[in-house]
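1. here you go, sequence then predicted model.
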Amino acid sequence: MHEWALAEAVVSAASKLAGERGLGKITLVKIKVGELQQIDLEVFKFALSQIAEKLLPEAGFEISVERAEFRCRACGRTWRFRGEELDPEIREAIHVIPEVAHAFLRCPRCGSPDFEVVKGRGVWIESIVGEKSG
Amino acid sequence: MHEWALAEAVVSAASKLAGERGLGKITLVKIKVGELQQIDLEVFKFALSQIAEKLLPEAGFEISVERAEFRCRACGRTWRFRGEELDPEIREAIHVIPEVAHAFLRCPRCGSPDFEVVKGRGVWIESIVGEKSG
Amino acid sequence: MIDPRLSVIDERLGRIKRLIAVASGKGGVGKSLIASTLALILSEKGFRAGLMDLDFTNPSTHLILGAESAYPLEDKGVVPPKVRGVSYTSISFFTGGKPSPLRGEDVTNAFIEILALTRWGDLDYLVIDTPPGMGDALLDLLRLIKRVGFLVVSTPSRLSLETIKKLIEILRSVRAQVIGVVENMASAEMKSIRGEVEELGERYLGSISFDPEVEEAIGNPDKLLGIRFAEDLRKVADKLV
Amino acid sequence: MIDPRLSVIDERLGRIKRLIAVASGKGGVGKSLIASTLALILSEKGFRAGLMDLDFTNPSTHLILGAESAYPLEDKGVVPPKVRGVSYTSISFFTGGKPSPLRGEDVTNAFIEILALTRWGDLDYLVIDTPPGMGDALLDLLRLIKRVGFLVVSTPSRLSLETIKKLIEILRSVRAQVIGVVENMASAEMKSIRGEVEELGERYLGSISFDPEVEEAIGNPDKLLGIRFAEDLRKVADKLV
Ligand SMILES: Nc1ncnc2c1ncn2[C@@H]1O[C@H](COP(=O)(O)OP(=O)(O)O)[C@@H](O)[C@H]1O
Ligand SMILES: Nc1ncnc2c1ncn2[C@@H]1O[C@H](COP(=O)(O)OP(=O)(O)O)[C@@H](O)[C@H]1O
Ligand SMILES: [Mg+2]
Ligand SMILES: [Mg+2]
Ligand SMILES: [Mg+2]
Ligand SMILES: [Mg+2]
Ligand code: NI
Ligand code: NI
Ligand SMILES: [Zn+2]
Ligand SMILES: [Zn+2]
């Protein structure tokens, strides 16, 4: 479970952002999670709430998951990630470092490992809502 | 002068595009040229007209130049290309392969060669206008 | 927006009979030395030979060929200069020997630019020197030039052998042509990888000895063609033509 | 949209006293062997040492260390396993030895992911093995870890020397710390590059002989620490600590 490490990153980035924007408190953080990360949302939410307790005590977190989509650079074919069909070890590896998908997945049309993750990679802060300080 | 080679590429791509879209003839090709390419527009237009004579006899060409802009990945600074301040040999090299800018240019703030060409690279077909065949 | 350069690549390479990429995945196994000398040998045999250096962030064929002052002619495109009979192109023409750190997307762009502009004309062989690793240059080579064959280079070392196994696996997965494997820097102390290569189902094209005369011959094609290294490589070349 | 991973990198590396990247620009000069053995030597000397393999498309430190079965613990992040006392991380944990062709943007993403997730804890030294070339990995190392020092490796060959000159020029232009140059695979037949290194104004950290026992020691840290290669490298390490 490295959801905790990602939650730390989110809280740390959100607090920095609040500082930059002169927000005294943050009330909402909107997060987008790529499907490829295969985040355990319960664990992630729990970690966010624990870590935010000190740093962003009034923040709520809204999380959406973006489905993963690949596009082959060799033949143009697009397709979707089907984590449930993969070996658990491979899923776990992609969960930690999504780029290792290039070691395990191939374009279903032409067999190329040269595909782009068009959508569904990473953990992103989409927006924060807060109140100006002072 | 390799404007001729680029003009050949434009005419060849435009004819293929016309084929794909079922256009019997092309009347206009809109081209965007990045400043970094330092294209001689007179030579380029002449080459386009010569090459198009056979393949796209009814096509006009509209060319716009996009100014080049760099952004440093190390410090975020953005700046513009100043070709006129460079040694002619360096200009010529960048004219042929714009990426060699990374051998000669540095971020004016932090000295890094790790910059992105945000705008002003390449020769692009923006759009074509034609008439459906049949 | 459409990048028109992609439309002319096939035409620019259209009069080249055979394209041979020298690759390994590993650095320092002798790819550049073999690519450069192979082009010289093919030319010596009377073929029209070309050499393209695709190791953009660390080009070295110009040093091996002593071609630091070669420069192409711009004539309706870029016409490769001839270096001892070999039509030659390298990014070093344009960087003038300055360091050129490039990210993957820049490698892709520079490669497409070179492919779109270079007028090779009629060639029997175009030898392509490739960088180490399995990154943008290799993937673009596979994406943009479908009919390239791969001459895989390995030393006898296990680290090199493991790397070429991976390269061959990737080449097979995209149905690229693997011409065979050349073993370079062979020596009495090191066990040959011939058995492993044959077990992989690939052709073992021969072994090139570690040759202490290589270093002195760098920068001097005549000398290069006269040493043991070239003699060993000629036997490999005979299997290709 | 903001990538939150960048916010925690400094904190994750915060309790590492010194970061040493082993680099050359050229492949096959012994970077991976030196990086792996240097980490072992530092640990042997009683320092808390770590090793990060940044050659994502051709990792080899796991083969050198015989660490094919090492796997990290996931505990509020990724905790590097210890390999003979060295806290170790490599993409090979996750690729399981399969080929991993990655474009530059994937290298960047995987690197940031590893930096954001890995809990190194307290270390005296983190040694970083780098890939050949001057591409995304090098540029990201410079961009993301400002306080890394570079241990430059070269063989006596002119091709290698020309490459490290370029690397050093780039490192200087961004004011990165160049610790010095190690000459690897020295032999009686090859002239040392000591003079050239000193002329460049860099510290010559010593010479490591070509050692035929290296090949047999690959995969076996105990053996590796017992051969001439390690003996020569210990003298280099003494100058670093
Ligand atoms: N058969 C050989 N005998 C002696 N030295 C060699 C031999 N093959 C290559 N070399 C030397 O080994 C080094 C690496 O060769 P190079 O062609 O640059 O490898 P690569 O292109 O794979 O990185 C160079 O210094 C080169 O001169
Ligand atoms: N001093 C040395 N003596 C003998 N062999 C060496 C020595 N240094 C490196 N090698 C061998 O040279 C090859 C290249 O070394 P490696 O560490 O993989 O280089 P790099 O990481 O720079 O590509 C490997 O087979 C390695 O075992
Ligand atoms: Mg992850
Ligand atoms: Mg151009
Ligand atoms: Mg090379
Ligand atoms: Mg290495
Ligand atoms: Ni996890
Ligand atoms: Ni020109
Ligand atoms: Zn495909
Ligand atoms: Zn900058």
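-> Yes, it's here. Ligands and ions are numbered 1, 2, ... in the order given.
2. name the element the closest residue to residue A:77 other than its chain neighbours belongs to?
-> Distances taken as C-beta to C-beta, 6 or more residues apart in numbering or on different chains place residue A:109 nearest to residue A:77, at 4.2 Å, with adjacent residues excluded. Using the backbone N, CA and C atoms, a C-beta is placed for each residue, glycine as well. Per DSSP states H and E: residue A:109 is located in neither a helix nor a strand.
3. tell me the contacts of residue A:109?
-> A:72, A:75, A:77 (C-beta atoms under 8 Å, 6 or more residues apart in numbering or on different chains).
4. correct me, but the second one touches residue A:110?
-> Yes - Residue A:75 sits in contact with residue A:110 when judged by C-beta atoms under 8 Å, with a separation of 4.3 Å.
5. quick one, helices of chain C?
-> C:9-12, C:31-44, C:61-64, C:92-95, C:104-117, C:136-144, C:158-173, C:194-199, C:214-217, C:221-226, C:228-240 (DSSP state H).
6. what's the most buried one of the ones you listed?
-> Sort these by mean neighbour count, taking mean count of other C-beta atoms under 10 Å in any protein chain shown, and helix C:31-44 sits at the top with a mean of 26.
7. pLDDT wise, what is the residue of chain A found nearest ligand 6 at?
-> Residue nearest to ligand 6 within chain A (C-beta to the ion): residue A:103, separated by 18.1 Å. Among the per-residue scores, residue A:103 holds a pLDDT of 98.
8. ok, it - contacts?
-> Counted by C-beta under 8 Å, 6+ apart, residue A:103 has contacts A:93, A:113, D:94-96, D:98-100.
9. from those, which has minimum pLDDT?
-> Minimum pLDDT across the contacts of residue A:103 falls on residue D:96, with 92.
10. that residue: how many residues sit nearby?
-> Counted by other C-beta atoms under 10 Å in any protein chain shown, the residues lying close to residue D:96 total 15.
11. please tell me I have it right and it contacts residue A:89.
-> Yes - the criterion here is C-beta under 8 Å, and residue D:96 meets it with residue A:89 at 7.3 Å.
12. any low-confidence regions in chain A?
-> Chain A contains residues with pLDDT under 70 at A:134.
13. try it again with 90
-> For chain A, the stretches with pLDDT under 90 are A:1, A:24, A:54-55, A:132-134.
14. please enumerate the helices of it.
-> Under DSSP H, chain A gives helices at A:3-20, A:41-55, A:88-96, A:101-104.
15. could the ones you listed go into a markdown table alongside distance to ligand 8?
-> Output for the helices of chain A, formatted as a markdown table (distance: least, C-beta to the ion, whole Å):
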| stretch | distance to ligand 8 |
| --- | --- |
| helix A:3-20 | 45 |
| helix A:41-55 | 54 |
| helix A:88-96 | 46 |
| helix A:101-104 | 37 |
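16. ranking those by burial, who's on top?
-> It is helix A:101-104: most buried of these by mean count of other C-beta under 10 Å, with a mean of 23.
17. output the longest strand belonging to the chain.
-> Went with chain A since none was named. strand A:23-34 (DSSP state E).
18. to clarify, I was referring to chain C.
-> Chain C, longest strand under DSSP E: strand C:177-186.
19. ok, and does that strand reach over to ligand 1?
-> Yes - for strand C:177-186, a contact with ligand 1 is found by C-beta under 6 Å from any ligand atom, at C:184-185.
20. what packs against that strand?
-> strand C:148-154, helix C:158-173, helix C:194-199, strand C:204-209, helix C:228-240 (3 or more C-beta pairs under 8 Å, 6 or more residues apart in numbering or on different chains; DSSP states H and E).
21. and the residue of chain C nearest ligand 6?
-> Going by C-beta to the ion, ligand 6 is nearest to residue C:27 of chain C, at 7.3 Å.
22. measure that residue to residue D:60 for me?
-> 11 Å (C-beta to C-beta, to the nearest Å).
23. higher neighbour count, those two?
-> residue C:27 (27 against 24).
24. leaving out sequence neighbours, find the closest residue to that one.
-> residue D:27 (0.9 Å).
25. so who does the one you found touch?
-> Contacts of residue D:27 (C-beta under 8 Å, 6+ apart): C:26-29, C:132, D:131-133.
26. that older thread, so what strands line up beside the longest strand of chain A?
-> Within its sheet, strand A:23-34 is paired with strand A:60-66 (parallel), strand A:123-132 (antiparallel), according to DSSP bridges.
27. low-scoring stretches of chain C, by residue?
-> For chain C, no range has pLDDT under 90.
28. and the residue of it nearest ligand 2?
-> residue C:157 (3.3 Å; C-beta to the nearest ligand atom).
29. I'd like the distance between that residue and ligand 10.
-> 40 Å (C-beta to the ion, to the nearest Å).
30. skipping its backbone neighbours, what lies nearest that residue in space?
-> Closest to residue C:157 by C-beta to C-beta, 6+ apart is residue D:215, at 6.0 Å.
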